[in-house]
Each structure stands twice: as C-alpha cells, then as structure tokens.
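In: need a structure here:
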Amino acid sequence: MSTQNYRRTVEELRESASMFWPSDLSQKEAELSIIAFLTLVRYEFSPKKLAGVRVVA
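Out: As a prediction, the model looks like this:
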C-alpha cells in the first residue's frame, strides 16, 4: 500500500485536527500521568535529602 496518499501538510492537518484535548481527556490524562506523581515525590529523591544516605551493595 502506498503511503503517498496519506501525506498532509501542517495546514491541511490543522483544518481537520483538534488543536486541544477535550477537558475530560485532559482530566483523565492528569489522573494517570506519571509526571504528576514524580513532581509530587521529587523531593524524596533530591540530592539534599539523599546526602546522608549510605548505599550498601
């Protein structure tokens, strides 16, 4: 199957594409996102907090 029929310019895509996520999809992504979780726990793994931790191999 040839893919040349599927090549679109950015302008053509903008005419038919949704430029933003619907609010319900954005909310769902926020609830499932690992980035949000990592942002909340980043202090736990900060160099300042880990400065006194000994690593035992």
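In: can you give me the strands for this structure?
Out: For the chain, no strands are identified by DSSP state E.
In: where does this structure dip in pLDDT?
Out: 1-4, 43, 48-50, 52-53, 55-57 (pLDDT under 70).
In: quick one, helices of the protein?
Out: 10-16, 23-32, 34-41, 47-50 (DSSP state H).
In: what is the orientation angle of the longest one with helix 34-41?
Out: Angular relation of helix 23-32 and helix 34-41 on a 0 to 180 degree scale: 50 degrees, by axes from the mean of the first three to the mean of the last three Cα atoms, to 10 degrees.
In: From the contact counts, what lies against helix 23-32?
Out: Using 3 or more Cβ pairs under 8 Å, 6 or more residues apart in numbering; DSSP states H and E, no helix or strand is in contact with helix 23-32. The way it works is simple: take the backbone N, C-alpha and C, and place the C-beta from them, glycine included.
In: Contacts for that helix, please.
Out: Helix 23-32 is contacted by residues W21, A36 when judged by Cβ atoms under 8 Å, 6 or more residues apart in numbering.
In: how about the helices of the chain in CSV, adding mean neighbour count?
Out: Output for the helices of the chain, formatted as CSV (neighbours: other Cβ atoms under 10 Å):
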stretch, mean neighbour count
helix 10-16, 8
helix 23-32, 10
helix 34-41, 9
helix 47-50, 8
